[in-house]
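# A predicted structure for the sequence below; I have some questions about it.
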Amino acid sequence: MSEADTGWIETALTSARPQAVGALLRYFRDLDTAEEAFQNASLRALKNWRENGPPRDPAAWLIMVGRNVAIDEVRRTRKQQPLPEDDQAISDLDDAEGALAERLDGSHYRDDILRLMFICCHPQLPATQQIALALRIVSGLTVKQIARAFLVSEAAMEQRITRAKAKVAEAGTPFETPGAVERSERLAGVAAMIYLIFNEGYSASGDTAEIRKPLCEEAIRLGRLLLRLFPSEPEIMGLTALILLQHARSAARFAEDGSLILLEDQNRALWNGTMIAEGLALIDKAMRHRRSGPYQIQAAIAALHARAATPDETDWAQIDLLYGALEVVQPSPVVTLNRAVAVAKVRGPQAALDLIEPLAPKLANYFHFYGVRGAFLMQLGRSDEARVAFDRAIALANTSAEAAHIRMHIDRLIRDSQPKDSGAKQGVKAK
């Protein structure tokens, strides 16, 4: 069989990984043991499935084989009689696999994956370790792949993941099925972790944008997985809609030289229509539940941009109202700063400037504050103040694309400040 003919095996392993690792974690109560058991089961699957075809339930097969292999390894170390190693005996499908599959009822399956995700976003872990651990354990990315996405060495990433696992082990996370309240809290933490993964990819620019694009794609995959587990949870619909609608614009966000293209200047023909349609359907469905949350509100804002065929058709008044609602449920100076952009479109730059001036102490080291403030000042004709704001923004730029975008505004200020008829003043006659 060619590699092309067996690509389905990799797809099946990736799809089954969260459920299988989650169940193995519940069984062994140790992250390293669960991960190693899954890897061993995957190696056997690569051989067995290629010869015998796919099992009826790949996740159940992997759980059973992974568990048996791990138990066998424990018995080996204790110099006890090992379990049979015959792949065919382990894998022959119907009876043993079917019985195990029956025990993997929907509730258990859901709690296994939720527990696995929750462990990865443990509150004692810093955000960078949460993301790295989730990408390694839940998504199955290699250390090399994760290190490349984060632009660090493999050794540094391996150390980061090892430290995260050690903290999880020290924390003594309970493995019992969570109650309704705890499940709700865990769900919120898992959603936040998925959005962190997405933002790690989405915030990249220039040469790193393509490298980090897989992080956005993996966040979308995890969002869809969570949505399958909790199909009636409106905030999970909102989260998935939000990252779909944002990622749909990825092909239009950067110029060939890597410079950032603002939303209003993007070629909307490059937006992914299929992804937008999926996101719009999800946010429309979420809103019908009438249980609004921050992800739904942000997705509704993204939906208004997505529905506008041209920048002039954007419903900025509605966006202003939605940001106002977001300020209530998730107050933040950054939310207010984003709202100011809509205010400028609806009520003019002075109203927007008045809105953000009180934010200066809290956003004193925030690149976007000075970029937005400089833009409002430039629209008001206050060029000297705008130049000061833009200079501060460049000093705080996180990427070369951000710095280049601000430099474009500064160049415009310089051009506008030059005499309109410099040739006449030098005695040159127009021909």
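Now that the structure is in, tell me what you want to look at.

# Quick check: phi and psi on residue 260?
phi -70, psi 140 (degrees, to the nearest 10).

# Report how many residues lie close to it.
19 (other CB atoms under 10 Å). Placement of C-beta: from N, CA and C, glycine included.

# so it sits right up against residue 253, yeah?
Yes. Contact criterion CB atoms under 8 Å: residue 260 and residue 253 qualify, at 6.9 Å.

# what about the stretch 301-431 of the chain, any weak spots by pLDDT?
Residue ranges of the stretch 301-431 of the chain with pLDDT under 70: 419-431.

# can you map out the strands along it?
Taking DSSP state E, counting those that start in this stretch, the stretch 301-431 of the chain contains no strands at all.

# Can you identify each of the helices in it by residue range?
Secondary structure of the stretch 301-431 of the chain (DSSP state H, counting those that start in this stretch): helices at 316-329, 333-347, 349-356, 367-379, 383-396, 400-417, 422-425.

# Just the buried residues of the fourth one, please?
Judged by neighbour count using 16 or more other CB atoms under 10 Å, the buried positions of helix 367-379 are 367, 369-378.

# separation between residue 193 and residue 133?
Residue 193 sits 9 Å away from residue 133 when distances are taken as CB to CB, to the nearest Å.

# Common neighbours of those two, please.
By CB atoms under 8 Å, 6 or more residues apart in numbering, residue 193 and residue 133 have these common neighbours: residue 120.

# Any figure for the gap between the closest residue to residue 141 other than its chain neighbours and residue 155?
With CB to CB, 6 or more residues apart in numbering as the criterion, residue 141 has its nearest non-adjacent residue at 4.6 Å, and that residue is residue 135. Here residue 135 is placed at a distance of 17 Å from residue 155 (CB to CB).

# next one: residue 269
44 Å.

# Does residue 405 touch residue 259 like I think?
Yes. The pair residue 405 / residue 259 is scored as a contact, 6.6 Å apart, by CB under 8 Å.

# which of those two has more neighbours?
Each of residue 405 and residue 259 has its neighbours counted (other CB under 10 Å); residue 405 has more, 20 against 17.

# who's in contact with the more buried one?
Contacts of residue 405 by CB under 8 Å, 6+ apart are 259-260, 262, 371.

# Between the residues you listed, which sits nearest residue 65?
Among the contacts of residue 405, residue 260 lies closest to residue 65 (CB to CB), at 48.2 Å.

# beta partners of the closest one?
Going by DSSP bridges, residue 260 is paired in beta bridges with residue 254.

# can you pull the contacts of it?
Contacts of residue 260 were listed using CB under 8 Å, 6+ apart, and they are 205, 253-254, 401-402, 404-405.

# again, but for residue 351
343-344.

# how close does the nearest residue to residue 341 once chain neighbours are set aside sit to residue 240?
Excluding the flanking residues, the one nearest residue 341 by CB to CB, 6+ apart is residue 372, at 6.7 Å. According to CB to CB, residue 372 and residue 240 sit 28 Å apart.

# Ok, residue 29 next?
For residue 29, the distance to residue 240 - CB to CB - is 31 Å.

# okay, the two: which has more neighbours?
Between residue 29 and residue 240, residue 240 has the larger neighbour count (other CB under 10 Å), namely 27 against 13.

# got the contact list for that one?
220, 223-224, 226-227, 279, 282.

# now those in TSV, with secondary structure, distance to residue 363 and pLDDT?
Output for these, formatted as TSV (DSSP: H, G, I helix; E, B strand; the rest coil; distance: CB to CB, whole Å; pLDDT from 0 to 100):
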residue	secondary structure	distance to residue 363	pLDDT
220	helix	30	93
223	helix	29	92
224	helix	34	92
226	helix	32	88
227	helix	34	91
279	helix	29	97
282	helix	32	97
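
# Closest one of those to residue 170?
For these, the closest approach to residue 170 (CB to CB) belongs to residue 226, at 26.8 Å.

# Name the nearest residue to the closest one, ignoring sequence neighbours.
residue 236 (5.3 Å).

# Compute the number of surrounding residues for residue 27.
18.

# Contact partners for it?
Residues counted as contacts of residue 27 (CB under 8 Å, 6+ apart) are 34, 67.

# If I look at it, what pLDDT would I see?
On the pLDDT scale, residue 27 is placed at 82.

# next one: residue 172
70.

# now residue 238
The score at residue 238 is 97. That number is its pLDDT.
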